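> Attaching a predicted model along with its sequence, questions to come.
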Amino acid sequence: MTTAAVFGTGSWGTAYAMVLADAGTTVRMWGRRSEMVDQINAGMNDTYLPGAALPGLITATTAPEEAAEGADIVVLAVPSQTLRANLDQWGGVLPADAAVVSLMKGVELGTTKRMSEVIEEVAGVDRDRVVVVSGPNLAREIALKQPAASVVACRDETVAEKVASACAAPYFRPYTGTDVVGTEIAGAVKNVIALAVGMAEGLGFGDNSKASLITRGLAETMRLGMALGGEAPTFAGLAGVGDLIATCMSPLSRNHSFGVRLGQGMSVSEVIAHTSQTAEGVKSCTSILDLARKHGVDVPIIEQVHAMIVEERSAEDVVRALLSRPRKAESA
């Protein structure tokens, strides 16, 4: 039987652990907080997925070496901006021959590295063992076993198939691919676009406005991803437009909901205080903009989200700036 270690006990890490277990994989989760580990060993995660019953194949521990011991697959599901610090602490316990799966969707602040690059650098994992899982996978719906699909991307197709087989649950259909770069960029940038779409909704704009933002946001995502070596079909698939639609339109999306509150006039600090949590796009908008500028890629929506998040410009000013840009051909 395949054994997986899942590092991180948040909503998506727990939901993916459920997928693995329902596919017949034995899962050991690692959590920093003993109260979270106790919840999981009692068959629940009421902090992040209240009401969801965890499969019996899932156990948890606060000891990284215990979670990782003998694992065929290691899944990393910690917040993206904490990945380096976490790997500095326990990256050395990862089995040398395990596939290492990233569920994280962000670009590291300061270095502008993708999560797979951080894993390779800090934990010394060969890039052919690094796998990225991404798609329209809202954790709450996955925990309810609602049908969904995702992309399992790895440079080594054999490793991708190994991970896909381990997470092929009755309600979760994995597709394999080799475009790690495109899959990661699509997953990171969609969070920032979702903030913009949420802002539009908060301002009272309708579906035309939101569809326009999603479409032009996809164009920005493709420009950046392809400049970094991503492949065009990735952005038209589950990891691209699929994940973008789910994140931009669903009230279950943390980034969308955060943007709605910004559009309604709340400040970033007020939204964080109101929700007791932040959103990945808030943390990653600066690093994604830095990455785009480093490669000379035009990303006006990301620029305006950054202006609102970091420079505290009003939602009205951001909309005005986008609409007043010089006209050009749609393909540009």
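Thanks, I have it.

> Could you use CA atoms for every contact and neighbour count after this?
Fine.

> elements contacting the helix or strand where residue 181 lies?
For residue 181, the element it lies in under DSSP states H and E is helix 180-202. The contact analysis (3 or more C-alpha pairs under 8 Å, 6 or more residues apart in numbering; DSSP states H and E) places helix 180-202 against strand 130-134, strand 148-153, helix 207-227, helix 232-235, helix 243-249, helix 254-263, helix 280-294, helix 300-310.

> and the angle for it with strand 130-134?
30 degrees (axes from the mean of the first three to the mean of the last three C-alpha atoms, to 10 degrees).

> picking that back up, okay, the helices and strands packed on helix 180-202, which one's buried deepest?
strand 130-134 (a mean of 28; mean count of other C-alpha atoms under 10 Å).

> what lines up beside that strand in the sheet?
strand 99-102 (parallel), strand 148-153 (antiparallel) (DSSP bridges).

> With only the CA atoms kept, save it in CSV.
C-alpha atoms of strand 130-134 as CSV (Å, rounded to 0.1, in the frame of the first residue of the first chain):
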residue,chain,number,x,y,z
VAL,A,130,8.9,17.6,-7.5
VAL,A,131,5.2,17.4,-8.3
VAL,A,132,2.6,20.2,-8.4
VAL,A,133,-1.1,19.5,-7.9
SER,A,134,-3.4,22.3,-9.0
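
> in the stretch 51-200 of the chain, which spans are strands?
For the stretch 51-200 of the chain, the strands defined by DSSP state E, counting those that start in this stretch cover 58-61, 73-76, 99-102, 130-134, 148-153, 172-177.

> what's the closest of the ones you listed to residue 191?
strand 130-134 (12.5 Å; C-alpha to C-alpha).

> on that earlier part again, tabulate the strands of the stretch 51-200 of the chain in a markdown table, adding columns for distance to residue 233 and mean pLDDT.
Shown next, in a markdown table, are the strands of the stretch 51-200 of the chain (distance: least, C-alpha to C-alpha, whole Å; pLDDT from 0 to 100):
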| stretch | distance to residue 233 | mean pLDDT |
| --- | --- | --- |
| strand 58-61 | 35 | 98 |
| strand 73-76 | 26 | 98 |
| strand 99-102 | 21 | 98 |
| strand 130-134 | 15 | 98 |
| strand 148-153 | 12 | 98 |
| strand 172-177 | 11 | 98 |
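
> Could you list the domains of the chain?
3-178, 181-323 (automatic domain parsing).

> With distance to residue 330 added, can I get these in a markdown table?
Formatted as a markdown table, the domains of the chain follow (distance: least, C-alpha to C-alpha, whole Å):
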| stretch | distance to residue 330 |
| --- | --- |
| domain 3-178 | 26 |
| domain 181-323 | 9 |
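
> And those domains, which one averages the lowest pLDDT?
Here the lowest mean pLDDT among the domains of the chain goes to domain 181-323, at a mean of 94.

> Work out the gap between that one and the centre of the chain.
From the chain centre to the centre of domain 181-323 is a distance of 13 Å (C-alpha atoms, centre = their mean, to the nearest Å).
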